[in-house]
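Peer 1: have a look; sequence and predicted model below, questions after that.
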Amino acid sequence: MNKKIIAIFGLTIVALAAVYLYSFGPLAGLRTALSINPASAKPIITSGAAGGTVSTASASTSAAAATSSPFGNAALVQEFRNRDMAQNHYRISIPADWHAGSIAPGKYAVSYSGGSGTIGLIDIPDNSTPELFILSQEEPALKKLPGYARVSYGSAKVNGNLSYKLVYKIYKTSAGGQSLEHERVYVTGQDHAALIDLSASETDWQRAAKVFDAVVGSFHWDQ
Amino acid sequence: MRYIFYAISIAVLCFGWYLEFIYDVPDSQITVNFFTGWFLVVIGVSSLLINLFWTEPNRPR
């Protein structure tokens, strides 16, 4: 074995050690490029309802339907323009009296009187489809929640993007045994999909659903 | 025999490259994919170089 081979062998060992350190070791922190863009966390307050529509076979809900209610006031909206992930820039408008904050790259937690939710991105593997992913992975996980019951499921278009909406109930033990109703909307996108998950108590659901549909209708992918 | 090693080395290198730069990795597997992709690239490159620089000893006939 000549010296060149020994040198290549040695360099290979060093390179593999570096790969290990960057993957699992103390240098792994240098590799995580994703971070919350400061511009994503600052909402733009505008007056008037947000544009956009959610079209289904039976109905069309515009954001203007979001009238003043315990779940939001349509007179003022705050628009978030998320710029955290290169292939998945998006914007969404929520009522101005909702509280929202970035909790992870591409993801917001929202809260309002009567409920809470999340707006963010979700990775759907290339070897799956959104519908298969929802029905084979997401819903089975949700079924483990106490009192899970599906209310409805279907597809629609959100501003031209195919989306899937799953509405379900769970039994919330901390709310005096009250049932909590959730709306989960998956909007397909270029790399990741968007997931908008909003909840309200079952008794308030009729009022809340109109506002939730308006929020979903304001979702746009940006280039 | 040497060409078989070349072919295997290039295949390993290309697969590592594919994993690292083309394959859409689920968020939960990014770290494992990063390690596996670069591991294969390093092994592929080094085995190619070893093949290139390998010299047969001169044996008396």
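Peer 2: Structure's in. What do you need? Numbers count the residues shown, from 1 in each chain, chains lettered A, B, ... in the order given.

Peer 1: going forward, measure contacts between C-alpha atoms and count neighbours the same way
Peer 2: Noted.

Peer 1: in stretch A:161-174, what's buried?
Peer 2: Neighbour counts using 16 or more other Cα atoms under 10 Å in any protein chain shown place A:161, A:163-172 of stretch A:161-174 among the buried residues.

Peer 1: kindly report the same for stretch A:119-137.
Peer 2: So stretch A:119-137, judged by 16+ other Cα under 10 Å, has buried residues A:119-125, A:130-131, A:134.

Peer 1: show me what contacts the residue lying closest to A:N37 once chain neighbours are set aside?
Peer 2: Using Cα to Cα, 6 or more residues apart in numbering or on different chains and skipping the chain neighbours, the partner closest in space to A:N37 is A:D84 (5.4 Å). Taking Cα atoms under 8 Å, 6 or more residues apart in numbering or on different chains, we find A:D84 in contact with A:34-37, A:40, A:105-106.

Peer 1: now A:D84: phi and psi?
Peer 2: A:D84 adopts backbone torsions of phi -80, psi -40, taken as degrees, to the nearest 10.

Peer 1: tell me the secondary structure at A:M85.
Peer 2: Per DSSP: H, G, I helix; E, B strand; the rest coil, the secondary structure class of A:M85 is coil.

Peer 1: which residue lies nearest the spatial centre of chain B?
Peer 2: Central residue of chain B (Cα atoms, centre = their mean): B:G44, 1.5 Å from the mean position.

Peer 1: residues of the helix or strand hosting that one that come out buried?
Peer 2: Counting by DSSP states H and E, the element that carries B:G44 is helix B:30-53. Neighbour-count burial for helix B:30-53, counted by 16+ other Cα under 10 Å, picks out B:31, B:33-51.

Peer 1: who does it touch, helix- and strand-wise?
Peer 2: helix A:3-23, helix B:2-21 (3 or more Cα pairs under 8 Å, 6 or more residues apart in numbering or on different chains; DSSP states H and E).
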